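Undergrad: Sharing a model prediction with you, sequence too.
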Amino acid sequence: MPTQVPWLIFLIPFISFLLIGLVLRPFLNKRPLIGGYVTIGAVGISFGLSLWLLSAVIAAPGHVLPVDDIEWALIGNLSIHIGVLVDSLTAVMVIVVTFVSLMVQIYSQGYMKGDAGYLRYYAFMSLFTACMLGLVLADNILFMFVFWEGVGLGSYLLIGFWFHKPSAANAAKKAFIVTRLGDFGFLAAILVLYAQTGTFDTESLYKIVATGALAGTTLTWVAIGIFSGAAGKSAQFPLHVWLPDAMEGPTPVSALIHAATMVAAGVFLVARFYPMFEHSQEAMLIVGIIGGFTAIFAASMGLVMNDIKRVLAYSTISQLGFMMVGLGVGSVAIGIFHLFTHAFFKALLFLGSGSVNHGTGTFDMRLMGGLRKAMPWTYITFVIGSLSLAGIWPLSGFWSKDEIMVVAFDNQPAIFALCIVAVFMTAFYMFRAVFMTFHGEYRGGAQPEHGGHGDAHSHGPHESPMVMVIPLVVLAVLAVCAGWVNVTGLFNLFMGESEVQEIGFATSFFGVLSHPLPLISLAIALLGILLAYAMYCAKWISPEKIGNVFKPIYIMLSHKYWMDELYENVIVKTILYNGIFKWMAMFDSSVVDGTVNGAAQGTAAAGGVLRKLQTGQTQLYVISIAIGAIAIVACLYLFS
Amino acid sequence: MFSVGLDQYLILSAVLFCIGLFGVLTQRNVIKVIMCLEIMLNAVNIALIAFSQYITPVTLTGQVFAIFVMVVAAAEVAVGIAIIFTVYRNRESVDIENFNILKW
């Protein structure tokens, strides 16, 4: 494989961004479809190259490909290189990113059709994908940070894509600012790492950590700093608040953010710097605890949401918690495997919800219902995605979630307990969404929000065009099969784990059901589905009654634990605005301004006194000069 | 009879300088003030030429410098008289105590 391939994987989408932004949008704005084709072509080529890269990495010894780097800048003794690091983690991530992005781009052709910002949309999509690929491929922490912020920028632009809506503009700002809080920790960790080791290079850092040159408290703080960056991007508690609001962006953007790019970046970052976490028990424990808590915390809020995209958003946060648990108590392979399978079924679910929105014009599940007949393809694929997310055997979600549960049970039973509750909730809220959306009677819908095709919808819900259905079907197939690559531990082996089960595919495929633990989680998931069926489809139990019985809990959940209010009113308004900032403003206006203004006033006052010497009497001045001259002469005479 | 030497020239110069300075400080008429200034300048010229004659007789630097002083004095008088004319047209006075608007 030529060494240019990994570079091209990143550069082609970036060139597509430049092409659309600099050439197509100024000169060919009348023919927006070209922009879509350019992006799809670029991401498609990247995907093809990623497959090539994957095959090369599989064949390479140790699953690492050496690629030369280029010196980018030399500042004093500080030499900054740009280069790509190609190992199994990179190979898996580029596949996930390019594939999901490709599906989303194809789907967007239908979803964004007729939108005034069609070209802008595809330009941003290219940029977003390119930045994520750059982050995945970069071989030093400095450039990872550059692309890390690039991903943040892409998400900002896309979440606020419909910037004329104040809610979208605010959501974009919120996403940017909240993730920036986490990035502060990441940047601090980079600086500490450089101060301690003198290098930015990832592989050199691995070696330094492996030799124990960097250990103890410093290492723990570095790991926590990196994790705080990851928690911001991956929406871990307490920085999760931006993700549900990010639903204001176009739905394919949500799919991309939730499946492959933005939120996966955090999990990837922890996986990339996993050696640092491995050598610090405390950091691992923090990752595990935050992950486990986020999993159950977000899932509980997903239970009561009425907006289908918000249900999915909380489900993403919850699943990211699972990934963090997989990393915190298990290994890179387990966490990344869940990221890998999750990418497919979560992209599927989001695209499915976009398809539902396309058909009904709303995201509010209370206005849907009965779409099963009108949108059969969307229905089938959405159910497959939900089953996979709920962790039902033998779909892909089962395999990855099962591994996390097993390692959590072995290492941290408390986190396992959190996870098992989260599994129940996941199954419940996903099927609540399925039953509310697709079963029962159609409850009206609403006028479509996104532009251009209002009249076509007055006759009720309808199936989406083929260009949207095909990505759904492809993703549904992967939502079923993607987990099978690790049935015999092949994925773990590829990611550098040593243990391989020496039993055949079929044996472990069915044999997993003979172990108690997978059976328990499977049973709990089925229980969740059953409860959802009882409440929202068969109506054996009235949801309103349950809501009334647990009214305080229901109110707390539907207010999202008042986290937004906590941030908005308590932290921002009370502590920052009325507390720290007020004091700072006072310090600024009295002490800082006081010093400057005081100096000016003092000078003016002194001038007011001294100017009285200017009498306007010329002869007085001459006398002064004469006396001065005489005094100088006298001094010279007396003292020399 | 005593011979005239450097000391005598310097005494003459100092006396003239003091007369000029006294006039500059005490006279109210601007014309007189300028005339006294001229006396001061000429006192300096006498000193310069005396030094040149008695200390560096070959190079004549003092004489040359005195010519420069005269040139400057001529220019100064021209400008000074012009200023006085303008002020007189505005204030109808050549009394230096009335020339006091450039104060605080």
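TA: On my side now, so go ahead.
Undergrad: can we go C-alpha only for contacts and neighbour counts from here?
TA: Noted.
Undergrad: Now for residue 99: which residues touch it?
TA: Picked chain A for this. Each residue near residue A:99 by Cα atoms under 8 Å, 6 or more residues apart in numbering or on different chains is listed here: A:44, A:47.
Undergrad: Chain B, not that one
TA: Contacts of residue B:99 by Cα under 8 Å, 6+ apart are A:616-618.
Undergrad: Among these, which ones lie close to chain B?
TA: A:616-618 (Cα under 8 Å from any Cα of the partner chain).
Undergrad: Show me where chain B has its helices.
TA: B:6-26, B:30-54, B:61-91 (DSSP state H).
Undergrad: ok, is the second one in contact with chain A or not?
TA: Pointing back at helix B:30-54 there. No - using Cα under 8 Å from any Cα, helix B:30-54 stays clear of chain A, coming no nearer than 9.5 Å.
Undergrad: what angle sits between that helix and helix B:61-91?
TA: 180 degrees (axes from the mean of the first three to the mean of the last three Cα atoms, to 10 degrees).
Undergrad: for the record, mean pLDDT for helix B:30-54?
TA: For helix B:30-54, the mean pLDDT works out to 92.
Undergrad: Who are the packing partners of that helix?
TA: Secondary-structure packing of helix B:30-54 (3 or more Cα pairs under 8 Å, 6 or more residues apart in numbering or on different chains; DSSP states H and E): helix B:6-26, helix B:61-91.
Undergrad: For it, which outside residues touch it?
TA: Counting by Cα under 8 Å, 6+ apart, residues outside helix B:30-54 touching it are B:6, B:9-10, B:12-14, B:16-21, B:23-25, B:27, B:60-63, B:65-66, B:69, B:73, B:77, B:80-81, B:84, B:94-96.
Undergrad: out of the contacts of residue B:99, which are buried?
TA: With burial judged by 16 or more other Cα atoms under 10 Å in any protein chain shown, the buried subset of the contacts of residue B:99 is A:616-618.
Undergrad: and which of those is nearest chain B?
TA: residue A:616 (4.2 Å; Cα to the nearest Cα).
Undergrad: Validate this expectation: the closest one resides in a helix.
TA: No - checked against DSSP: H, G, I helix; E, B strand; the rest coil, residue A:616 lies outside a helix; its state is coil.
Undergrad: Quick check: it touching residue B:96?
TA: No - if you go by Cα atoms under 8 Å, residue A:616 and residue B:96 don't touch, sitting 9.7 Å apart.
Undergrad: ok, for the residue nearest the centre of chain A, nearest residue in space, not its chain neighbours?
TA: Centroid-nearest residue in chain A, with Cα atoms, centre = their mean: residue A:263, separated by 2.2 Å. What sits nearest to residue A:263 in space, not counting adjacent residues and going by Cα to Cα, 6 or more residues apart in numbering or on different chains, is residue A:234, at 4.2 Å.
Undergrad: and residue A:218, which of the helices and strands packed on helix B:30-54 is closest to it?
TA: Within the helices and strands packed on helix B:30-54, the stretch nearest residue A:218 is helix B:61-91; the backing value is 78.8 Å (Cα to Cα).
Undergrad: tell me the mean pLDDT over that closest one?
TA: In the prediction, helix B:61-91 has an average pLDDT of 91.
Undergrad: And chain A, is it touching that?
TA: No - Helix B:61-91 stays clear of chain A (Cα under 8 Å from any Cα), getting no nearer than 13.6 Å.
Undergrad: ok now that helix, how far from the chain's centre?
TA: Here helix B:61-91 shows a centroid-to-chain-centroid distance of 10 Å under the convention Cα atoms, centre = their mean, to the nearest Å.
Undergrad: Give the buried residues for it.
TA: Buried-residue list, helix B:61-91, by 16+ other Cα under 10 Å: B:62-63, B:66, B:69, B:73, B:77, B:84.
Undergrad: Off-centre distance for stretch B:27-47?
TA: 4 Å.
Undergrad: quick one on the thing from earlier: any idea which helix or strand carries the residue nearest to the centre of chain A?
TA: Using DSSP states H and E, the element containing residue A:263 is helix A:262-272.
Undergrad: again with residue A:80
TA: Going by DSSP H and E, residue A:80 is part of strand A:78-82.
Undergrad: how about JSON lines for the helices of chain B, with distance to residue A:154 added?
TA: Output for the helices of chain B, formatted as JSON lines (distance: least, Cα to Cα, whole Å):
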{"stretch": "helix B:6-26", "distance to residue A:154": "82"}
{"stretch": "helix B:30-54", "distance to residue A:154": "81"}
{"stretch": "helix B:61-91", "distance to residue A:154": "74"}
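Undergrad: Identify whichever of the ones you listed lies nearest to residue A:215.
TA: helix B:61-91 (83.0 Å).
Undergrad: Near chain B, which residues of the stretch 151-300 of chain A are found?
TA: Close to chain B, as judged by Cα under 8 Å from any Cα, the stretch 151-300 of chain A has no residues.
Undergrad: Find the closest residue to chain B in the stretch 151-300 of chain A.
TA: residue A:177 (56.5 Å).
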